[in-house]
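Trainee: Sequence and computational prediction follow.
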Amino acid sequence: MVGREGGYVVPADPPNAVGGLMKKGGGSRSWILMENSGKEVVLDVDKYAIMHRVQIHARDLRILDPLLSYPSTILGRERAIVLNLEHIKAIITSEEVLLRDPHDDNVVPVVEDLRRRLRPVNGNQEVNGDGKEMALHNDVDTGEEDDSPFEFRALEVALEAICSYLSARTIELETAVYPALDMLTSKISSRNLDRVRKLKSQMTRLTARVQKVRDELEQLLDDDDDMADLYLSRKLVSASPVSGSGAASWFIASPTIGSKISKASRASIATVRGDENDVEELEMLLEAYFMQIDGTFNKLTTLREYIDNTEDYINIQLDNHRNQLIQLELFLSAGTVCLSIYSLIAGIFGMNIPYTWNSDHGFMFKWVITEHLIANCLFGYQIYF
């Protein structure tokens, strides 16, 4: 197990130095711990060690279990934020981030973004071969990073990652759905229908996932108390700014609350002294990503409407073909009835029964046949047109 500090790989403490926290069993999972100082450590610990570290209940940690199907959730607790957003399962405190399954293909970009966005200002330098320091160029404005608490920066990375991920899945679905619908419109076949059916199922599942994230953000924005619970640095400074009580130590290098209050935590003292219920900063952050996820949801809604309109068009075409078949069947039935009249007349005249009108009246047969032929033509014309 190794960690990173200031861009260098540093060895982590051995298992016997951390009180046996590296032992297997007990539902151990792979986690990556990233501190506000820039150090990161990959750990394989059980749920009890996590609960003891961040002081959360088992029911909160159960939300992060990948074997259980829990909806997207953002929970604010006394000392941590429990984050379950699709594949992003993390616990955020005022000093560190715990991210589950860091080697997952979908989580690796999140880890890289956290490294880039949570790197401290004094850690943005590296030493070249001549011993001179070189500044690392980051895409993120470090001045803005210092103005926000550490937990908000970590939360922003998670929200940005999940919104971008769902938006990318929506774009992929759009590029597949529109050509499939156009092909189905031009040619109705079992293959095209089955393809559209599968795409519609994917769209339904993706819409449900997007709506869960959207509803969670909307619920947070509607409740100021829930947003206030996410201000961990404010609660930390307000409760005990220099006390180290309640902070569990995993390894020797782990900072205590008294020795490592982040710059963002110290910057929030003014807010604590002013208005503890002020949630404007977090509200602006959540509103930005709520608008983004709402735009993704609107895209899926538009896509569903397009699919529904295509289904209506296909149903109209099928109804038209069905009506043509019914009309043809009716025409054939009418023709059958007309021909049966000729059979009836032929049967009557073919009977070996003496009729008085049958003698010296040969024109009678021709007159009856001609009359019925004209009547059948008029009847068929009326039915067909």
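Mentor: Arrived safely, thanks for sending.
Trainee: the strands in this protein, which residues?
Mentor: Taking DSSP state E, the strands of the chain run over residues 2-5, 8-11, 29-35, 40-45, 73-76, 81-85, 88-92, 96-100, 125-127, 133-135.
Trainee: Lowest average confidence across these, which one?
Mentor: Looking at the strands of the chain, the lowest mean pLDDT belongs to strand 8-11 (a mean of 37).
Trainee: Give the buried residues for stretch 195-204.
Mentor: 195, 196, 199, 200, 203 (16 or more other CB atoms under 10 Å). C-beta coordinates here come from the backbone N, C-alpha and C atoms, glycine included.
Trainee: What's the per-residue pLDDT of residue 270 here?
Mentor: Note for residue 270: predicted pLDDT of 41.
Trainee: same deal with residue 177?
Mentor: Reading off the per-residue confidence, residue 177 sits at a pLDDT of 93.
Trainee: my guess is residue 35 contacts residue 96, does it?
Mentor: Yes: counting by CB atoms under 8 Å, residue 35 sits close enough to residue 96 to count as a contact (4.6 Å).
Trainee: My guess is residue 307 contacts residue 181. True?
Mentor: Yes: using CB under 8 Å, residue 307 and residue 181 qualify as a contacting pair, with a distance of 6.6 Å.
Trainee: The two: which has the busier surroundings?
Mentor: Set side by side, residue 307 and residue 181 show more neighbours around residue 181, with 23 against 19, by other CB atoms under 10 Å.
Trainee: Please name the residues that touch residue 91.
Mentor: When contacts are counted by CB atoms under 8 Å, 6 or more residues apart in numbering, residue 91 is found next to 50, 54, 56, 64, 80, 81, 82, 83, 97, 98.
Trainee: Could you find the closest non-adjacent residue to residue 160?
Mentor: Ranked by CB to CB, 6 or more residues apart in numbering and with sequence neighbours excluded, the top spatial neighbour of residue 160 is residue 289, at 7.0 Å.
Trainee: which ones are touching that neighbour?
Mentor: When contacts are taken as CB under 8 Å, 6+ apart, residue 289 is in contact with 156, 159, 160, 163, 217.
Trainee: pLDDT at the last one, what is it?
Mentor: pLDDT, the model's per-residue confidence, is 93 for residue 217.
Trainee: The residue nearest to it when sequence neighbours are not counted and residue 113, how far apart?
Mentor: Closest residue in space to residue 217, ignoring its immediate chain neighbours: residue 290 at 4.4 Å, by CB to CB, 6+ apart. As judged by CB to CB, to the nearest Å, residue 290 and residue 113 stand 20 Å apart.
Trainee: Over to residue 164?
Mentor: Between residue 164 and residue 113 the distance is 10 Å, computed by CB to CB.
Trainee: picking up where we left off before, ok, residue 35 and residue 96, which is more surrounded?
Mentor: Counted by other CB under 10 Å, residue 35 and residue 96 do not tie: residue 96 has more neighbours, with 27 against 22.
Trainee: which ones are touching that one?
Mentor: Residue 96 makes contact with 33, 34, 35, 36, according to CB under 8 Å, 6+ apart.
Trainee: for residue 229, same thing?
Mentor: 76, 77.
Trainee: go again using 7 Å as the cut-off
Mentor: Residues near residue 229 by CB atoms under 7 Å, 6 or more residues apart in numbering: residue 76.
Trainee: circling back: out of the contacts of residue 91, which are buried?
Mentor: Of the members of the contacts of residue 91, the ones counted as buried by neighbours, 16+ other CB under 10 Å, are 50, 54, 56, 64, 80, 81, 82, 83, 97, 98.
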